[in-house]
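Q: Predicted model, plus sequence, below.
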Amino acid sequence: DAKTTQPNSMESNEEEPVHLPCNHSTISGTDYIHWYRQLPSQGPEYVIHGLTSNVNNRMASLAIAEDRKSSTLILHRATLRDAAVYYCILRRSDSWGKLQFGAGTQVVVTP
Amino acid sequence: DSGVTQTPKHLITATGQRVTLRCSPRSGDLSVYWYQQSLDQGLQFLIQYYNGEERAKGNILERFSAQQFPDLHSELNLSSLELGDSALYFCASSVTGNPTGELFFGEGSRLTVL
């Protein structure tokens, strides 16, 4: 399975945008890029996913590089509730949907 | 609330014992996944079922087994428990096993082995 690389942690001020990078240089053409987050003492929660084009939803935006070897999750205005571990995951189209989590990025939001 | 229900929320047992964790997926979801989260290993995929059949296997020990029943609920059985099995066990469900689908996670079952 292709691997992802994320920074261990990032800090942001409340109401500021947060850009979370993810490198996936060995991504294959049929790998989907998924982002999940895990708030303290909770199960992981879906954030967004994409294949080639940039994606937006109510929670975040996903910007995918043209060569697909990296992507960036954008939280437009961080709130205290966004403090969580964010996981960038590649999901193979033939993998029957299993998600392989890495270490993720711990996001700290400061008031 | 994700709609995925896991019981029990907390479980304390002794080494060598056997426990069963239960998961009720969201209504209509056919696929169930089990994950283990420990401090040193992070979130590890264990096994996936789709409509009663095993579809994918991860780092699941031979002492562990799982099944998905006709009503789609799933059980994870852990036997000959060791101290290192202490962890949070998460169940997730999705409509299908489609890689574009969203997984919904339960709140987890915290197992402590003494």
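A: Received the coordinates, thanks. Quick caveat, the model's predicted, so the values are computed rather than measured.
Q: Which residue is the nearest non-sequential neighbour of whatever residue of chain A ends up closest to chain B?
A: Nearest residue of chain A to chain B: A:Gly43, at 3.2 Å (Cβ to the nearest Cβ). For the C-beta atoms, the positions are set from N, CA and C on the backbone; glycine is no exception. Among residues not flanking A:Gly43 along the chain, B:Phe105 sits closest, at 3.2 Å (Cβ to Cβ, 6 or more residues apart in numbering or on different chains).
Q: count of neighbours near that neighbour?
A: The local packing of B:Phe105 (other Cβ atoms under 10 Å in any protein chain shown) involves 23 other residues.
Q: So in terms of bridging, what pairs with the residue in chain B positioned nearest to chain A?
A: Proximity of chain B to chain A (Cβ to the nearest Cβ) peaks at B:Phe105, 3.2 Å away. According to DSSP bridges, the partner residues bridging B:Phe105 are B:Ala92.
Q: now B:Ser24
A: Assessed by DSSP bridges, B:Ser24 has beta-bridge partners B:Thr5.
Q: That one is in contact with B:Glu75, isn't it?
A: No: with contact defined as Cβ atoms under 8 Å, B:Ser24 does not reach B:Glu75; the gap is 10.4 Å.
Q: if I look at the residue of chain B closest to chain A, how far off is A:Pro21?
A: Using Cβ to Cβ, to the nearest Å, B:Phe105 is found at 24 Å from A:Pro21.
Q: just B:Leu30 next, same as before
A: Taken as Cβ to Cβ, the span from B:Leu30 to A:Pro21 is 35 Å.
Q: What of B:Ile60?
A: Going from B:Ile60 to A:Pro21 by Cβ to Cβ gives 32 Å.
Q: quick one: the residue of chain A closest to chain B from A:His24, how far?
A: Relative to A:His24, A:Gly43 is positioned 24 Å away (Cβ to Cβ).
Q: Name whatever forms a beta bridge with A:Tyr32.
A: Applying DSSP bridges, one finds that A:Tyr32 bridges with A:Arg91.
Q: check contacts around it.
A: A:His49, A:Gly50, A:Leu51, A:Leu90, A:Arg91, A:Arg92, A:Ser93, B:Pro99, B:Thr100 (Cβ atoms under 8 Å, 6 or more residues apart in numbering or on different chains).
Q: Mind checking which of these are buried?
A: A:His49, A:Gly50, A:Leu90, A:Arg91, A:Arg92, B:Pro99 (16 or more other Cβ atoms under 10 Å in any protein chain shown).
Q: quick one: pLDDT of the second one?
A: What the model reports as pLDDT for A:Gly50 is 94.
Q: give me the beta-bridge partners of it?
A: Beta-bridge partners, per DSSP bridges, of A:Gly50: A:Ile33.
Q: Contact partners for it?
A: When contacts are counted by Cβ under 8 Å, 6+ apart, A:Gly50 touches A:Tyr32, A:Ile33, A:Leu62, A:Ile64, A:Ser71.
Q: Ok, B:Gln67 next?
A: The contact partners of B:Gln67, taken as Cβ under 8 Å, 6+ apart, are B:Tyr49, B:Ser74, B:Glu75.
Q: who does whatever helix or strand the last one lives in touch, helix- and strand-wise?
A: It stands for B:Glu75. B:Glu75 belongs to strand B:74-78 when assigned by DSSP states H and E. Contacts defined by 3 or more Cβ pairs under 8 Å, 6 or more residues apart in numbering or on different chains; DSSP states H and E place strand B:74-78 against strand B:19-24, strand B:31-38, strand B:42-50, strand B:64-68, strand B:87-94.
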